[in-house]
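Student: Can you look at this prediction? I've put the sequence above it.
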Amino acid sequence: MRLEQVDSEDPRDLLRALRGAVLGAGPAIALGSAADLPGEVPAGTAVVLTTSGSTGTPKSVALSRSALTSSAMATAARIGEGHWLLPLSGGYIAGVQVMVRALVAGRDPAILAGRFTADTFAHAASGMRSFADGAPVPRFTSLVPAQLQTLVDAAERDQGIARALAAFEAILVGGQRLPDVLRDRAVVLGARVVRTYGSTETSGGCVYDGVPLDGVAASVAGGELRIAGPTLADGYLGDPERTRATFVTDSDGSRWYRTGDSGSVVDGVVSVTGRIDNVIISGGVNVSLDRVERVVREVPGFEGAVVVGGPHERWGQTPVIVATSTGSLDEARAAVARAIGAPARPDRVVRVEEIPRLASGKPDRRALTGLVERGSL
């Protein structure tokens, strides 16, 4: 099957290309920056999405029509069908899946034009006035935590923004962990928030509020979460070695995706602790920066903070809080000591005007680590 590069900056062009790739006869489309992709891909491929994430090296994930539509249908079975709003970049799986869900449902998504703000979100939401059999069609959207933070901050001052938030049947939030404090603030405003967990390799979110979607299985092997089911990618295009290492098959023939995340599955409920490789050694003790960040984000004033490793003269490395808002370092250190232990306590706070982010909305951890390292020289 022919593979065609598509500019994801214009969501309408991407929607047209996805319609052919997912529902029609193709061609398959390539998203992201990868200069060495082949002109042909295996039959059944719909999307090749190249992404490096916030810390890794570039990888071109091959997603089949079957995987993408299986994910879309499982989402509809879990939260319902309706009219979707796209406020995300089309160059990442979360944005792609909003479009695929809309296409599978037979209703083009509403598109947030221009820069994401609380006002542009409310304006886009106000235009979603679809009806079926005389009744309003339910509205759905997908956000990253930083976008939800923007909306909640505005909605607590502006009733119009609050009404826009509450108008959605469900708001999927993923891409990184959603702090409990932020979720609670959104719920008070009437938002129906669904935490999602997944990745490009799982066709986006495949675990909703801790429960895998229908057909999806989760397990833990050696402390690492694994995902199985019809939503899995075919692998990494042009990289069979990485594909074999990441997608493994059990003796019973079950194919699993190794997520690289630590966590647990208890009574069918998935809990994610953090990235296995997002660990520093501080004074000889392994410290998970994801666990520290989770605790720090529950401290008032640090809801949107990011925790990275920074050099320390005595301990080698220590957790460092990078934040735009004001919070108490002493309170954060005490909370981390209680939850994790004294060696995991953040050493300092670095204030920034804005958290640098990738186009996916995730914090750019490499940029933040570099900023902290330079400030420590």
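Tutor: Structure's in. What do you need? No experiment lies behind these values; they were computed from the predicted model shown.
Student: partner strands of the strand or helix carrying Val194, parallel or antiparallel?
Tutor: Val194 belongs to strand 193-199 when assigned by DSSP states H and E. The pairing partners recorded for strand 193-199 under DSSP bridges are strand 170-173 (parallel), strand 204-208 (antiparallel).
Student: Which among those is found nearest to Val295?
Tutor: strand 170-173 (19.4 Å; CB to CB). Backbone N, C-alpha and C define where each C-beta goes, glycine included.
Student: Name the surrounding residues that touch that closest one.
Tutor: Residues outside strand 170-173 that contact it (CB atoms under 8 Å, 6 or more residues apart in numbering) are 75, 79-80, 140-145, 148, 165, 183, 186, 191-196, 205, 208.
Student: likewise stretch 32-51?
Tutor: Defining contact as CB under 8 Å, 6+ apart, one finds that stretch 32-51 is touched by 1-3, 5, 8, 18, 21-22, 26, 28-31, 58-66, 68, 91-93, 96, 200, 234, 237-238, 360.
Student: taking those residues one by one, which sit in helices?
Tutor: Those of the contacts of stretch 32-51 mapping onto helices are 18, 65-66, 68, 93, 96, per DSSP state H.
Student: Tell me which helix or strand Val308 sits in.
Tutor: According to DSSP H and E, Val308 maps onto strand 306-312.
Student: Do you have the strands of the stretch 201-350 of the chain handy? List them.
Tutor: Taking DSSP state E, counting those that start in this stretch, the strands of the stretch 201-350 of the chain run over residues 204-208, 211-212, 217-221, 224-228, 235-236, 247-249, 255-266, 269-275, 279-282, 285-288, 306-312, 316-323, 348-351.
Student: Deepest-packed of those, please.
Tutor: strand 204-208 (a mean of 26; mean count of other CB atoms under 10 Å).
Student: And the contacts of strand 170-173, which of them are buried?
Tutor: Buried subset of the contacts of strand 170-173 (neighbour count, 16 or more other CB atoms under 10 Å): 75, 79, 140-145, 148, 165, 183, 186, 191, 193-196, 205, 208.
Student: right, and the strands of the stretch 201-350 of the chain - which one's nearest Asp330?
Tutor: Once those are compared by CB to CB, strand 348-351 is nearest, at 10.5 Å.
Student: average pLDDT across the strand holding Val308?
Tutor: Strand 306-312 carries an average pLDDT of 92.
Student: Relative to that strand, what are the paired strands and their orientations?
Tutor: Its sheet considered, strand 306-312 pairs with strand 316-323 (antiparallel) by DSSP bridges.
Student: Would you mind pulling the contact partners of the strand it pairs with?
Tutor: Contacts to strand 316-323, defined as CB under 8 Å, 6+ apart, come from residues 280-283, 287, 289, 292, 296, 301-302, 304-312, 327, 329, 332, 336, 344-352, 355, 368, 371-372.
Student: Please repeat the previous calculation with a cut-off of 6 Å.
Tutor: Strand 316-323 has contacts (CB atoms under 6 Å, 6 or more residues apart in numbering) with 280, 282, 289, 292, 296, 302, 305-310, 312, 346-350, 368, 372.
Student: same check, this time on stretch 88-96
Tutor: 8, 11, 14, 31-32, 142, 200, 204, 359-360.
Student: 7 Å instead?
Tutor: Residues outside stretch 88-96 that contact it (CB atoms under 7 Å, 6 or more residues apart in numbering) are 8, 11, 14, 31-32, 47, 49, 51, 86, 98-99, 142, 174-175, 200, 203-204, 359-360.
Student: Next: stretch 67-77.
Tutor: Contact with stretch 67-77 is made by 22, 46-47, 97, 100-101, 104-105, 203-204, 206, 213-216, 230-233, as judged by CB under 7 Å, 6+ apart.
Student: Could you chop the chain up by domain?
Tutor: Annotated domains of the chain cover 3-200, 278-375 [automatic domain parsing].
Student: okay if I get those as CSV plus distance to Leu225?
Tutor: Formatted as CSV, those follow (distance: least, CB to CB, whole Å):
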stretch, distance to Leu225
domain 3-200, 9
domain 278-375, 13
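Student: Once you drop chain neighbours, what's closest to the residue nearest the centre of the chain?
Tutor: Geometric centre of the chain, nearest residue: Gly175, 1.4 Å, by CA atoms, centre = their mean. Counting by CB to CB, 6 or more residues apart in numbering, Val144 is the residue found nearest to Gly175 once chain neighbours are left out, at 4.1 Å.
Student: cool, and Asp239?
Tutor: Closest residue in space to Asp239, ignoring its immediate chain neighbours: Lys59 at 7.0 Å, by CB to CB, 6+ apart.
Student: ok, now how distant is that neighbour from Ala46?
Tutor: For Lys59, the distance to Ala46 (CB to CB, to the nearest Å) stands at 17 Å.
Student: Which of these two has more residues huddled nearby?
Tutor: Using other CB atoms under 10 Å as the criterion, Lys59 and Ala46 rank with Ala46 on top: 26 against 22.
Student: what about that one, which SS state?
Tutor: At Ala46 the chain is in strand, as set by DSSP: H, G, I helix; E, B strand; the rest coil.
Student: Was I right to think Phe302 contacts Val296?
Tutor: Yes: assessed by CB atoms under 7 Å, Phe302 is found in contact with Val296 at 5.1 Å.
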